[in-house]
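Visitor: no FASTA, just this:
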């Protein structure tokens, strides 16, 4: 009998986590944005607060408990320097993210993943397509490049094996 999709994902993620832990691969912080609180001029500043730890495996984040997330944005917890050359809206948004992470309880320089999305790992969601995960012919696949229809797809098994091997190179 074929393995059901949710069991397939749990088994493959568990194997990836065991390999990452066995090789002592450094994980990264997960954070969520806490919007300003208060009123008028007495508002707190926005900050990214800790929400756990995970390994970034391309388009997926996986945590020790078997949670799988679609990768969002990545920043560092540093107080950004004043910009003199690049004043674009995108550069300002990246500086705001770094500043918000620095206000959180992260060590200085820590890599912080935020704006990520938890993926539904039940069979119905996987069959319907849960973020970058989808079931094809009974096998869970990852769409790692959605900008190229028909390309950028790999089985979850091969994808996780490849991404873990990149992190565990000596």
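Guide: Thanks, I have it. Just so it is clear, the model here is predicted, and its values are computed rather than measured.

Visitor: CA atoms for contacts and neighbours, from now on please.
Guide: Noted.

Visitor: if I look at the residue nearest to the spatial centre of the chain, how far off is residue 137?
Guide: Residue closest to the average C-alpha location in the chain (Cα atoms, centre = their mean): residue 71, at 3.2 Å. Residue 71 is 25 Å from residue 137, where distance means Cα to Cα, to the nearest Å.

Visitor: Equivalent analysis for residue 27, please.
Guide: Plainly put, residue 27 is 33 Å away from residue 137 if you go by Cα to Cα.

Visitor: who's more crowded, these two?
Guide: residue 27 (17 against 7; other Cα atoms under 10 Å).

Visitor: tell me what the helix or strand of the chain with the lowest mean pLDDT is packed against?
Guide: When the helices and strands of the chain are compared on mean pLDDT, DSSP states H and E, helix 89-103 comes out lowest with a mean of 90. If you count contacts as 3 or more Cα pairs under 8 Å, 6 or more residues apart in numbering; DSSP states H and E, helix 89-103 packs onto strand 47-57, strand 73-76.

Visitor: Format these as CSV; extra columns: mean pLDDT.
Guide: Below are the helices and strands packed on helix 89-103 laid out as CSV (pLDDT from 0 to 100):
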stretch, mean pLDDT
strand 47-57, 96
strand 73-76, 96
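
Visitor: Kindly reformat these as TSV containing distance to residue 159.
Guide: Output for the helices and strands packed on helix 89-103, formatted as TSV (distance: least, Cα to Cα, whole Å):
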stretch	distance to residue 159
strand 47-57	9
strand 73-76	20
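
Visitor: Now find how far off-centre the top helix by length along the chain is within its chain.
Guide: The longest helix of the chain (DSSP state H) is helix 5-22. A distance of 16 Å separates the centroid of the chain from that of helix 5-22, by Cα atoms, centre = their mean, to the nearest Å.

Visitor: And for stretch 153-163?
Guide: Its chain's C-alpha centre and that of stretch 153-163 lie 16 Å apart, by Cα atoms, centre = their mean.

Visitor: Now do the contacts for residue 156.
Guide: 9, 12, 140, 141, 142 (Cα atoms under 8 Å, 6 or more residues apart in numbering).

Visitor: Just the buried subset of these, please.
Guide: Buried members of these, scored by 16 or more other Cα atoms under 10 Å, are 9, 12, 140, 141, 142.

Visitor: I'd guess the last one is in a helix, am I close?
Guide: No - per DSSP: H, G, I helix; E, B strand; the rest coil, residue 142 lies outside any helix segment and is strand.

Visitor: measure the nearest residue to it once chain neighbours are set aside to residue 53 for me?
Guide: Leaving aside its chain neighbours, residue 142 sits nearest to residue 133 (4.8 Å; criterion: Cα to Cα, 6 or more residues apart in numbering). Between residue 133 and residue 53 the computed distance is 21 Å (Cα to Cα).
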